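Peer 1: sequence and predicted structure, then a few things I'm wondering about:
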Amino acid sequence: MTSVQPSVQPPAGLDVLNARNSAPSTGFDLLLRAWKQLQVSYYGGKYSIERLFALEEYSKKTPSSRAIAVCLATPFPTVVVVLIQESIPLQDPTKGWRENYGFWLRAAILALVIGRVVVDQMNSFIGVLVSWKRKLLLSVCAAVIFAFAAAFISAHKVFPVPFFVLTLVPLFYAIFAVIFRLVAGERVFRQMVASRVEFIRYIKFLVAENVVACTYPAYEALFRLAQGTQYQLPVIFLLPIMKMALRNMMLQCAVHMEDMTPEAVIFTVDFFNAVYVSSCMQSATSLVSVVAIIATDLSQTAFMLYGLHQRTTRILQRLRQSVGGSGSYNLLSAPCCLCLNPERFERQTRNGIRVYSCLPHVLSMDKKKVLEKLDQVPHAQNYSKKAPKVSFNLRLPYRVEAIDRVANASQQATGTLSSRKNSESFTARRLVLGESFETLFSLECLVVTSYLEAVTSMFYCCFVLVMVHLPSSRYHVELTGITNDNAGSKVQ
């Protein structure tokens with residue numbers, strides 16, 4: 001049957017709805033959206049299902065006292081290493097490399113810690129299993145040989161070597177590679193070479209870590225040069241930009257290990273950022289500088305909290321609709337319920353969602369069996385056929401009375417609106433599992449960042465208060481001008 005465009009326009013309600021949906025976003029919304037896409041905490045990745053189950057079981061079985069004890073004990077190894085290192089006295093550098101035994105002992109301790117961290121990261125990235133005895137032997141041998149090699153260079157060149165840690169990093173990794181080949185054995189070394197893709201990713205991650213370690217000392221030098229000048233505020237505002245760029249660089253190196261990303265990125269970039277923010281605030285010479293540093297740091301947290309609040313509210317409502325029932329589900333229990341229900345799980349779009357985590361987790365046997373079943377579930381690629389189709393075709397038969405054309409157009413427009421809402425609701429329910437995993441990832445990043453910044457700031461304050469009583473404090477550049485009398489006011 002021939003059809004033509006109706007002479008009567010669709011109801012005004014459609015125009016209002018379309019105008020509302022296509023209305024341009026405000027400047028603040030555009031800024032917030034652009035800022036989110038640059039943040040690891042928003043754009044970094046998703047939880048795996050295994051990590052979701054592990055977090056749910058941990059939250060149910062672990063008492064609050066133990067969780068608090070874990071938070072308090074986590075910085076303890078770092079505190080012990082710093083105390084051991086700072087308890088070794090430093091000598092006058094002008095006396096030469098032979099008299100500065102304290103410096104070489106500190107260098108060996110630092111190399112020992114770095115060597116152990118490098119081996120542990122190798123296990124996570126490549127899957128190379130090295131016994132703890134060989135790890136200890138490898139770290140000790142690399143540290144001792146590095147200290148002797150650095151002393152040899154200092155004896156024939158200059159002491160102290162400018163930017164000692166940064167300058168001699170290539171030497172340390174060369175020594176470490178040779179010692180690793182000898183200690184780990186041929187089988188482990190061949191396993192590393194065979195895993196070429198993972199090995200290249202691991203090397204990129206190590207390079208990124210060293211870039212972070214070089215960038216922040218350079219920034220501190222720039223900050224001290226800009227103190228008291230007109231460039232001080234621009235240098236302060238450079239700090240969050242630098243932090244964002246380094247975060248995204250680290251993310252690109254660990255994007256294939258999503259569950260490890262918060263720890264790999266935040267415990268690297270945010271740790272350095274927290275240390276140098278504290279150092280810059282302590283050495284700032286004006287109230288304006290201190291206020292600017294605090295404002296730039298708090299503004300990032302405020303943006304993150306605002307965006308998370310909006311997203312969490314929307315996703316939690318859709319999760320409860322998808323789960324159904326009258327239970328009081330939260331952002332952790334609702335995704336678990338979806339994963340435990342095979343019928344509801346199959347309806348979800350699971351692109352980018354991983355069943356198993358890249359990190360080991362402690363799970364009950366029931367959850368392990370569920371993971372095995374979920375790993376066998378095919379992706380729901382053809383569920384889009386079940387979605388109601390949206391049509392805006394308002395063509396009507398040619399020979400129809402005018403009043404009928406108006407009534408039919410109104411009814412069809414109403415049906416189109418209903419069909420469109422059903423389609424949007426159907427799509428939203430299919431995507432809610434993946435979006436909830438993204439939100440959990442963002443929440444973990446926010447919690448870890450806030451925890452690390454708070455702990456690092458407190459640790460730095462205690463470090464300053466203790467160091468002013470040690471004779472080696474005069475060799476610390478960051479403690480210049482701080483004495484027993486003014487240390488309390490400096491850390492306030």
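Peer 2: Nice, thanks for sending it over.

Peer 1: what residues of stretch 363-381 count as buried?
Peer 2: By 16 or more other C-beta atoms under 10 Å, the buried positions in stretch 363-381 come out as Leu363, Lys367, Val370, Leu371, Leu374, Ala380. Backbone N, C-alpha and C define where each C-beta goes, glycine included.

Peer 1: which two in those are spaced the farthest apart?
Peer 2: Leu363 and Ala380 (24.7 Å; C-beta to C-beta).

Peer 1: what would the buried residues of stretch 363-381 look like in a markdown table with secondary structure?
Peer 2: Converted to a markdown table, those look like this (DSSP: H, G, I helix; E, B strand; the rest coil):
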| residue | secondary structure |
| --- | --- |
| Leu363 | coil |
| Lys367 | helix |
| Val370 | helix |
| Leu371 | helix |
| Leu374 | helix |
| Ala380 | coil |
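
Peer 1: quick one, helices of the stretch 1-150 of the chain?
Peer 2: 12-21, 27-37, 40-43, 49-61, 64-73, 76-86, 101-126, 132-156 (DSSP state H, counting those that start in this stretch).

Peer 1: Asn330: which of those is closest?
Peer 2: Proximity to Asn330 (C-beta to C-beta) singles out helix 49-61 among the helices of the stretch 1-150 of the chain, at 9.9 Å.

Peer 1: other SSEs contacting the closest one?
Peer 2: Helix 49-61 is packed against helix 333-340, helix 365-375, helix 402-467, with contacts defined by 3 or more C-beta pairs under 8 Å, 6 or more residues apart in numbering; DSSP states H and E.

Peer 1: export the helices of the stretch 1-150 of the chain to a markdown table and tack on mean neighbour count?
Peer 2: Shown next, in a markdown table, are the helices of the stretch 1-150 of the chain (neighbours: other C-beta atoms under 10 Å):
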| stretch | mean neighbour count |
| --- | --- |
| helix 12-21 | 11 |
| helix 27-37 | 12 |
| helix 40-43 | 21 |
| helix 49-61 | 18 |
| helix 64-73 | 10 |
| helix 76-86 | 13 |
| helix 101-126 | 19 |
| helix 132-156 | 17 |
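
Peer 1: could you measure from Ala213 over to Val169?
Peer 2: 8 Å (C-beta to C-beta, to the nearest Å).

Peer 1: please apply the same query to Arg66.
Peer 2: Arg66 sits at a distance of 39 Å from Val169 (criterion: C-beta to C-beta).

Peer 1: quick revisit: any chance of the helices of the stretch 1-150 of the chain in a markdown table, plus distance to Met192 and mean pLDDT?
Peer 2: As requested, those are exported to a markdown table (distance: least, C-beta to C-beta, whole Å; pLDDT from 0 to 100):
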| stretch | distance to Met192 | mean pLDDT |
| --- | --- | --- |
| helix 12-21 | 53 | 39 |
| helix 27-37 | 35 | 65 |
| helix 40-43 | 28 | 56 |
| helix 49-61 | 26 | 91 |
| helix 64-73 | 33 | 92 |
| helix 76-86 | 27 | 89 |
| helix 101-126 | 6 | 91 |
| helix 132-156 | 14 | 93 |
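
Peer 1: so for Arg318, which of those helices sits nearest?
Peer 2: The closest of these to Arg318 is helix 49-61. By C-beta to C-beta, the value is 16.9 Å.

Peer 1: quick one: contacts of the closest one?
Peer 2: 47, 259, 332-333, 335-336, 339, 353-357, 359, 361-364, 367, 370-371, 374, 437, 440 (C-beta atoms under 8 Å, 6 or more residues apart in numbering).

Peer 1: which residues of the stretch 151-300 of the chain score low on pLDDT?
Peer 2: 282-287 (pLDDT under 70).

Peer 1: in it, which spans are helices?
Peer 2: Using DSSP H, counting those that start in this stretch, helices in the stretch 151-300 of the chain cover 164-167, 169-184, 186-194, 196-226, 232-254, 261, 271-283, 287-323.

Peer 1: and among the ones you listed, the most buried is which?
Peer 2: helix 261 (a mean of 25; mean count of other C-beta atoms under 10 Å).

Peer 1: now it, how far from the centre of its chain.
Peer 2: 5 Å (C-alpha atoms, centre = their mean, to the nearest Å).

Peer 1: elements contacting it?
Peer 2: Using 3+ C-beta pairs under 8 Å, 6+ apart, no helix or strand is in contact with helix 261.

Peer 1: let's go with 10 Å and repeat that
Peer 2: Here helix 261 touches helix 232-254, helix 402-467, going by 3 or more C-beta pairs under 10 Å, 6 or more residues apart in numbering; DSSP states H and E.
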